[in-house]
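In: need the 3D shape of this:
(one chain, ligands or ions: 2)
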Amino acid sequence: MKRSKRLELTTRGLCRGLVLSESIMKETTSAADFLPPQRTLKALRLAAAECQGCDLYRYATQTVFGEGPQKSSLMLVGEVPGDREDKEGHVFVGPAGRILDEAFADVGIRRSEVFITNAVKHFRFEVHGGLRQHHKPSGPQIRACRPWLEAEINAVKPQVIVALGATAAQSLLGNAFRITASRGQPQKSSWAEWIVATYHPSAILRAPKKDDRDRMRQEFRDDLRVAIAKSGT
Ligand code: URA
Ligand code: SF4
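Out: Ligands and ions are numbered 1, 2, ... in the order given. Coordinates of the predicted model:
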């Protein structure tokens, strides 16, 4: 074979390799390919445990899927599991979960009545001083994981979704949405009859001044009451 022909074939092979790896990269930037044919919560939970829709599954312990009754009129959406959630495999079982449970008790609902999930299902962290510290998921990771959230919403069909913090709110209402400007105001949406956005419980914990923490705790309860009233729970 002439040298030029061999070169041409090698180049073609290389190009094909590039196209192939590009398409693999594309395929692995969404959870969409991992969704099961059956969309019950049980089938979804099993399939999500195997998801490799973005890079986060490589470093986290396990997928933390949403929890709660199959038919809940109220669904709460957080951001991403934390260290405790990652280890235990359940949503909101760490410090942020404590804030949530205290608020539930004050507004008169039980955790077992509502469906709770996150915008992103695998813990994202950075290691500092030997400790795994929560790190906000990126836009591409939030988009990659959205098929699971969408499938959970389609399975549960809540009347009202409470978006806890900016990540959940922007994932559901668009990037222009601002918690500071619009928290507690029910928004019409195609995801559910209403979306009510409020603080993320961790933001309450992190506020440096006690006065701010107290005010946010109160506003968090007010927002939950708005959501409960809209849901008819
Ligand atoms: N923060 C979240 O957003 N979700 C959890 O499950 C825990 C902490
Ligand atoms: Fe899949 Fe979501 Fe986990 Fe990424 S974070 S691997 S999309 S379940």
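
In: what does stretch 49-58 rub up against?
Out: 28-34, 62-63, 65, 120-124, 137, 140-141, 144-145, 147-148 (C-beta atoms under 8 Å, 6 or more residues apart in numbering). Heads up, the C-betas are built off the backbone N, CA and C, glycines and all.

In: next, the buried residues of that stretch.
Out: 51, 53-54, 56-57 (16 or more other C-beta atoms under 10 Å).

In: below-threshold pLDDT in the protein: ranges please.
Out: Applying pLDDT under 70 to the chain picks out residues 1-28.

In: what parts of it come near ligand 2?
Out: Counting by C-beta under 6 Å from any ligand atom, the chain comes close to ligand 2 at 31, 48, 51-54, 56-57, 63, 120-122, 141, 144-145, 148.

In: among these, which one sits closest to ligand 1?
Out: Within these, distances to ligand 1 taken as C-beta to the nearest ligand atom reach their minimum at Val120, with 8.5 Å.

In: what are the phi and psi values at the closest one?
Out: phi -130, psi 140 (degrees, to the nearest 10).

In: same thing with the one 3 residues further on?
Out: The phi and psi values for Phe123, taken as degrees, to the nearest 10, are phi -60, psi 130.

In: got a list of what it touches?
Out: Here Phe123 is in contact with 56, 59-61, 64, 80-83, 85-86, 132, 134 (criterion: C-beta under 8 Å, 6+ apart).

In: equivalent analysis for Ser138, please.
Out: Contact analysis of Ser138 by C-beta under 8 Å, 6+ apart lists nothing.

In: got phi/psi on it?
Out: The phi/psi pair for Ser138 (degrees, to the nearest 10) is phi -80, psi 170.

In: let me know the distance separating it from ligand 1.
Out: 15 Å (C-beta to the nearest ligand atom, to the nearest Å).

In: any idea how far whichever residue of the chain sits closest to ligand 1 is from ligand 2?
Out: Closest to ligand 1 within the chain is Gly78: 2.8 Å, counting by C-beta to the nearest ligand atom. Note on Gly78: its distance to ligand 2, by C-beta to the nearest ligand atom, is 13 Å.

In: ok, the residues of the chain next to ligand 2 vs Arg213, which is closest?
Out: Val120 (25.5 Å; C-beta to C-beta).

In: fine by me, thanks again.
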